[in-house]
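>>> Sequence and predicted structure below; questions after.
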Amino acid sequence: MTESSPKPEGAFSNEGLRAWLGAGLVSLATALAILAPFCWLGTASGHDIQFHISSWLDAAGQWKEGILFPRWTEWANYGFGEPRFIFYPPLSWMLGAALGSLLPWTWIPAVFVPLVQMFAGISAFALVRRFVSSYSAALLGVAAYVANPYALLVIYLRSDYAELLATSFYPLLLLFALRLCDFSESDAPLRKNLAWFSFLFAVVWLSNAPAGVLASYSLALLFFWAAVAQRTLRPALRGAGGLALGFGLASFYIVPAAYEQRWVNITSALATGLAPAENFLFARTADAEHDAFNQIASCVAVLMMVWTFGAAVVLWRRVSAGQNNKRTFVATLILAVLASVMMTRVMALFWNYLPKLRFVQFPWRWTAVLAVAFALFLAAATPRRAVILSWIVIVVLLGGTGAYLVQHAWWDSEDVNSVKAAVDSGEGFEGTDEYDPLGDDHTDIPQKQPEAKLISQEEADPAPKSDVRVIRWTAEDRVAIAKTKEPALIRLRLLHHPGWCVTVNGKPVKTMRTVSYNAILVPVPAGESRIEAHFIRTKDRVIGGTVSILSALAALVIAWLPKRQQSSA
């Protein structure tokens, strides 16, 4: 690994521009090659595709209602809703919604993948070019990261677009972490590197929570090792400050997601088949279909281990004598070892007791961390005289892996259309187990229900539909007028959640619940009543938003204020 000499601050040569354009073209070409099977097989219908499509459609619909940052998922649970957008990080569903607002919805999966993977390649180039002297080898590292086997698994078999987005930032995040550790030279001052690191760390958390957990533990280990290796607390203190600032920037999401877990069935995320113990490498369960997929994921992880550590062995003898290069190599190797070991059952104790680690669910997700070392080591280990041969080998191996995964994927062109039809018709879609409000069993929720329904005090025969008139019905505001000859109950197509404030004729009212699926029942007196339900901003969201604003101001001060003061002086 040979680190390139940093350019003077502000310099930008034509050669540098051409290098970045070349990396962008390689990233785009590789991403389009990954997308090629979509052209004749349809859309890769992985495990999570309908979840993401429904989130995109719901968010885009709320934008049309004037809700810029949705929190309640309107069409989940067949229109009864769920607080999905509080718990699921916003960047992926906002990106999907934005693309769907500009392009036909059936195009979005095929646009999302190359867009994100192209950025992943550019992100990888930013890291690799600092430690690889050969431009051709650096481009090989770009292609290796864009088409790394784990990314192919996520694209073809899992359709986890949020995780794909989060891991596209991993190489950049590692680069700025290395700068905080003084393992990589930079033409920017430390304060700017700290601000950028915090921003990228926040972006990972705002893309995918499991990816954020993996990044948190990986970076904590990196900063600890840097402090030990250099016999100084500076890397640890810088890292701790950067992580804290990153958490602060993402607090508008993290604080409500952490606090409001007490209001939903969050432990359903660890139901049968989703717990770490059932997803270690080559784990066996009573579910043959689960084991078949786990076998594929395990083989992908082992394949990447072999390539990564094989390249590390080759690189070990050729690593530059420079202190930064050696420490960068060792730091990346430590992360690769950590990622590999954490996928095995011998680390079960850590999965059980380290905070929030079990909510990563699948130990083989650590392959996303391994992928960064995979790309960096392959590029750095490529000899100058064997670049073409290395390209051929990588193309054959990655192409073969991709072809295998394509054959084992499920392809369906109707996923987007089916979810869109359900939203357009007002029927809605199935809810998510872990985001189901407490007291609800969403498997009992009836479909094709009116927004507001008049029933007797005993929850028996329905009254005529004409007695209830809906005035306004959006994701966060529900208004209806009920006319009754005697006291009655109005069942709203809405599940109980502390964020909902319900009033009758302008006064707060104590609501009731349906027996099995926990919908809101509003008692109304005889005569005409105006029922309003508003999704209010709870204290935890106010606190989280305030912390994010203060953190953003702190980041701006760290990045810019000292320089301005110096210029004024």
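Thanks, I have it. Here the structure is a predicted model, which is why all the values come from computation and not from measurement.

>>> Report how many residues lie close to V203.
21 (other C-beta atoms under 10 Å). Where you see a C-beta, it was placed from the backbone N, CA and C, and this is true even at glycine.

>>> ignore the last one, A275
Under the criterion other C-beta under 10 Å, the count of neighbours that A275 has is 16.

>>> Also A19?
Neighbours of A19 (other C-beta under 10 Å): 16.

>>> gap between it and A143?
15 Å (C-beta to C-beta, to the nearest Å).

>>> Surely M304 touches A151?
No - with contact defined as C-beta atoms under 8 Å, M304 does not reach A151; the gap is 10.5 Å.

>>> So for these two, which residue has more residues nearby?
A151 (27 against 22).

>>> show me the contacts for the more buried one.
When contacts are counted by C-beta atoms under 8 Å, 6 or more residues apart in numbering, A151 touches I34, Q117, A120, Y145, L164, T167, A371.

>>> how near is the second one to L173?
I take that to be Q117. In terms of C-beta to C-beta, Q117 sits 17 Å off from L173.

>>> what do you get for the first one?
When distances are taken as C-beta to C-beta, I34 and L173 turn out to be 22 Å apart.

>>> Give me the nearest residue to F112, chain neighbours excluded.
Y161 (5.6 Å; C-beta to C-beta, 6 or more residues apart in numbering).

>>> Look up how far T43 lies from the one you found.
With C-beta to C-beta as the criterion, Y161 and T43 are 12 Å apart.

>>> Then L335?
33 Å.

>>> Low-confidence regions, this protein specifically.
1-15, 319-324, 456-466, 561-569 (pLDDT under 70).

>>> Grab the most central residue of it for me.
Central residue of the chain (C-alpha atoms, centre = their mean): N208, 2.0 Å from the mean position.

>>> Quick check: phi and psi on it?
Torsion angles at N208 (phi, psi; degrees, to the nearest 10) stand at phi -160, psi 120.

>>> What count of nearby residues applies to the residue lying closest to it once chain neighbours are set aside?
Nearest residue to N208, sequence neighbours excluded (C-beta to C-beta, 6+ apart): A166, at 3.8 Å. Other residues within reach of A166, judged by other C-beta under 10 Å, total 28.

>>> again, but for the one 3 residues further on
Close neighbours of F169, defined as other C-beta under 10 Å, add up to 23.

>>> same question, T267
11.

>>> What lies in contact with stretch 499-519?
Contact partners of stretch 499-519, identified using C-beta under 8 Å, 6+ apart, comprise 71-72, 80, 83, 437-442, 444-446, 459, 489, 491-496, 520-525, 529-536, 538.

>>> how about a cut-off of 6 Å?
For stretch 499-519, contacts defined as C-beta atoms under 6 Å, 6 or more residues apart in numbering pick out 439-441, 444-445, 491, 495-496, 520-522, 524, 529-536, 538.

>>> from those residues, which would you call buried?
The neighbour-count criterion (16 or more other C-beta atoms under 10 Å) marks 440, 445, 491, 495-496, 520-522, 524, 529, 531-533, 535, 538 among the contacts of stretch 499-519 as buried.

>>> re earlier: neighbour-wise, which of Q117 and L173 wins?
The residue with more neighbours, out of Q117 and L173, is Q117; 28 against 25, by other C-beta under 10 Å.

>>> which residues does that one contact?
Contacts of Q117 (C-beta under 6 Å, 6+ apart): A31, V146.

>>> List phi and psi for it.
phi -70, psi -30.

>>> Just the buried ones among the contacts of stretch 499-519: which are in strands?
Counting by DSSP state E, these place R491, L495, I520, L521, V522, V524, S529, I531, E532, A533, F535 in strands.

>>> got JSON lines for those, with distance to A403 too?
Below are those laid out as JSON lines (distance: C-beta to C-beta, whole Å):
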{"residue": "R491", "distance to A403": "53"}
{"residue": "L495", "distance to A403": "45"}
{"residue": "I520", "distance to A403": "51"}
{"residue": "L521", "distance to A403": "55"}
{"residue": "V522", "distance to A403": "57"}
{"residue": "V524", "distance to A403": "63"}
{"residue": "S529", "distance to A403": "64"}
{"residue": "I531", "distance to A403": "58"}
{"residue": "E532", "distance to A403": "57"}
{"residue": "A533", "distance to A403": "52"}
{"residue": "F535", "distance to A403": "47"}
